[in-house]
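Visitor: sequence first, then the predicted structure:
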Amino acid sequence: MTLHAALRVDRGTFRLDLTLTVEPGEVVALLGPNGAGKTTALRAVAGLLPVDAGQVRLDEEVWDEPPTVFVPPERRGVGVVFQDYLLFAHLSVLENVAFGPRARGMDRAGARERARSWLERVGLADRAAARPRALSGGQAQRVALARALVTEPAVLLLDEPLAALDASTRLHVRSSLGHHLAEYGGRTLLVTHDPLDAMVLADRIVIVEHGQVVQQGAPAEVARRPRTDYVATLVGLNLYRGLASGTTVRLADGGRFTVAEPAAGPVHVAFPPSAVGLHPEPVAGSPRNSWPVTVADVEQHAHTVRVRLAGNPPVLADVTPAVVAELRLSPGRPLWAAVKATEVITYPA
Amino acid sequence: MRRPTRGRVPLLVALPSLVGLAFLLVPLVGLLARAPWSTLGTRLVGPEVGQALLLSLTCASLATVLCLVLGVPLAWLLARTELPGRGVLRALVTVPLVLPPVVGGVALLLVLGRRGLVGQYLHDWFGVSLPFTTAGVVVAEAFVAMPFLVIAVEGALRAADPRFEEAAATLGATRWVAFRRVTLPSIMPGLVAGTVLCWARALGEFGATITFAGNFPGRTTTMPLAVYLALETDPGAAIALSIVLLVVSVAVLVSLRDRWIGGAP
């Protein structure tokens, strides 16, 4: 069953007007700046906000279709992880997770048992008796995820699930969230303003600006062919998977990087296209990653030029028009790409 | 030359404030000083005093229950809905706070009296007559005390984040379940404070009660009325009753000290 949402919501001068579909097992990220209408879209799917026009349905099951149908949130099969989690402060962690099954009519013992097994799945069985106030940010996020998933919703909605976390916690929570999303067989809609979250977690990215879809597609596809400057800067990211050992990362699809921070095991490696330098000759000098590439295509944006380069690994580079002229960049031209180890970010996959 | 220092209280402030403090405290001290301590116990369990005490407690508690049943939904309406004219409605709810209770009693008599706007139907259709009955005492007390409850609960509801109710709804909770399991626990301190204030106000009610329910020992003579009556015939009993009311007031104050006294930085 596929989630179909044609959402139109009018808020004064702001109009949200976008169409979304999410297949079972698919993770779709709504990516865009603050105020783009992402959260409004999520609230409309959840039933916390009726649409002014359009339709929300799960296959044939219509949830919202003005002016005749409106199914309230408690009767839609949704689970929501809110930005600041909204855990109930007066209930224990276990009771928070058991709240959904209880509200849906399960008896107390059964609900607690379900909640306990979900707390085990997110690795927080030992915190069952704690109050939400006593949890760390990462733990609270996992409780919120367990609370949303324990009812086995058809649709999982995540509103900036990592925004409230500090940078170091974020990496680990992001990777564990990725595992849980991979296990979850339902439809996931993820709202985020962080391109990295979208690139790592989503199967498909929908970029929203001023309440409208600007571009959508697979993360790599969007990064490779950004349609607007905005998208280019937003999702301009070179992202690889690899196996780290010390400061060396061997990429899954060939190639290797030297990184500044030692790591071990499967990791993501990321750096922005602006960190890539292009040179006609091999670059001498210490901790640099340098490898031969060939220009695949050159795309002009307002102030920068994005160059797609084939090689091992392939890479995107943003350069100025002056560099394009100087290096006579055109498809087929062999070059050397160089990235400083300090520009390369790694985080656990 | 002496440095002018902060923190020294000027005489112009110190003197009136001391007089003011004495003015508030000396009467209470006087009450305690003149109390017939040796016979206090026997007086309080004596038939008339005991009767008034029991009636007062019963009526104040019933009035509080009535206020809870009607006032909490009203507070929810004022806090959570986009009702047109909500501001005016909120102001109207607080009128009994500033209205002289006697006027409240007169108004109740005009509406609920046997020939009153509503009272005549109550009497003709159901044979119910509220004035000068124990039920009338409850009505008068509830009329005067309900604003305390409504204001406290409404304040608590406004402070409670409605997004928690949304979170509950996405978990499958109906509005009622969300209110009972999420909102109610979070407004509990405000609700308790409002209930205690409401009950204390009902217990001390005099003006509206004597106007609407009259003064019939055993039926409508609550403690404040008994104090007033006893003052002419048996001052000792009046003092004993007053001490009971004073103790109740202090108990209320202590139970709310975190909110009121401890609340100021």
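Guide: Noted; the coordinates are in hand. Numbering: from 1, shown residues only, chains lettered A, B, ... in the order given.
Visitor: hey, let's count contacts and neighbours off CA atoms from now on
Guide: Will do.
Visitor: and residue 193, how many neighbours?
Guide: With no chain named, the answer covers chain A. 21 (other Cα atoms under 10 Å in any protein chain shown).
Visitor: let's do chain B instead
Guide: B:A193: 20 neighbours (other Cα under 10 Å).
Visitor: so does whichever helix or strand it is part of get close to chain A?
Guide: Following DSSP states H and E, one finds B:A193 within helix B:184-204. Yes: using Cα under 8 Å from any Cα of the partner chain, we find that helix B:184-204 touches chain A at B:P185, B:S186.
Visitor: what angle sits between the one helix or strand B:V153 maps to and helix B:184-204?
Guide: If you go by DSSP H and E, B:V153 is part of helix B:134-159. Between helix B:134-159 and helix B:184-204, the angle comes out at 140 degrees (axes from the mean of the first three to the mean of the last three Cα atoms, to 10 degrees).
Visitor: list the buried residues in helix B:134-159.
Guide: Using 16 or more other Cα atoms under 10 Å in any protein chain shown as the test for burial, helix B:134-159 gives B:134-157.
Visitor: what's the helix or strand just after that helix in contact with?
Guide: For helix B:134-159, the following helix or strand on the C-terminal side (DSSP H and E) is helix B:163-170. Contacts to helix B:163-170, defined as Cα atoms under 8 Å, 6 or more residues apart in numbering or on different chains, come from residues A:46, A:48, A:73-74, A:76, A:78-80, A:82, A:86-88, A:100, B:175, B:178-179, B:182-183.
Visitor: contacting residues for the residue positioned nearest the centre of chain A?
Guide: Centroid-nearest residue in chain A, with Cα atoms, centre = their mean: A:A198, separated by 2.3 Å. Residues in contact with A:A198 (Cα under 8 Å, 6+ apart) are A:A29, A:L30, A:L31, A:L190, A:T192, A:I205, A:P219.
Visitor: so which of those comes closest to chain B?
Guide: A:L190 (16.0 Å; Cα to the nearest Cα).
Visitor: am I right that the closest one is in a strand?
Guide: Yes: using DSSP: H, G, I helix; E, B strand; the rest coil, the assignment for A:L190 is a strand.
Visitor: gap between it and A:P24?
Guide: Remark: distance between A:L190 and A:P24 (Cα to Cα, to the nearest Å) = 14 Å.
Visitor: ok, those two, which is more surrounded?
Guide: Legend: neighbour count by other Cα under 10 Å for A:L190 and A:P24, higher for A:L190 (27 against 16).
Visitor: dig out what the more buried one forms beta bridges with.
Guide: For A:L190, the beta-bridge partners under DSSP bridges are A:A29, A:L158.
Visitor: just to revisit the earlier point, now the helix holding B:A193: buried residues?
Guide: B:184, B:186-187, B:189-204.
Visitor: and the residue of the stretch 101-250 of chain B nearest chain A?
Guide: B:G172 (3.8 Å).
Visitor: wait, isn't that residue in contact with A:M106?
Guide: No: if you go by Cα atoms under 8 Å, B:G172 and A:M106 don't touch, sitting 11.3 Å apart.
Visitor: which of the two has more residues huddled nearby?
Guide: More crowded of B:G172 and A:M106, by other Cα under 10 Å: B:G172, with 27 against 15.
Visitor: got phi/psi on that one?
Guide: phi 100, psi 10 (degrees, to the nearest 10).
Visitor: tell me the contacts of it?
Guide: Contacts of B:G172 (Cα under 8 Å, 6+ apart): A:P73, A:E74, A:R75, A:R76, A:G100, A:A103, A:R104.
Visitor: and A:R11, what are its phi and psi?
Guide: Torsion angles, degrees, to the nearest 10, at A:R11: phi -130, psi 90.
Visitor: give me the neighbour count for it.
Guide: Taking other Cα under 10 Å as the criterion, the count of residues near A:R11 is 10.
Visitor: quickly list what it is bridged to.
Guide: According to DSSP bridges, beta-bridge pairing links A:R11 with A:F14.
Visitor: mind giving me the packing neighbours of the helix holding B:V153?
Guide: The elements that helix B:134-159 packs onto, with contact taken as 3 or more Cα pairs under 8 Å, 6 or more residues apart in numbering or on different chains; DSSP states H and E, are helix B:47-80, helix B:95-98, helix B:101-112, helix B:184-204, helix B:207-212.
Visitor: how about the ones you listed in TSV, adding distance to A:T320 and mean pLDDT?
Guide: As requested, those are exported to TSV (distance: least, Cα to Cα, whole Å; pLDDT from 0 to 100):
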stretch	distance to A:T320	mean pLDDT
helix B:47-80	55	91
helix B:95-98	72	89
helix B:101-112	81	93
helix B:184-204	57	91
helix B:207-212	84	93
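Visitor: most packed of those?
Guide: Highest mean neighbour count of the helices and strands packed on helix B:134-159: helix B:207-212, a mean of 26 (counted as mean count of other Cα atoms under 10 Å in any protein chain shown).
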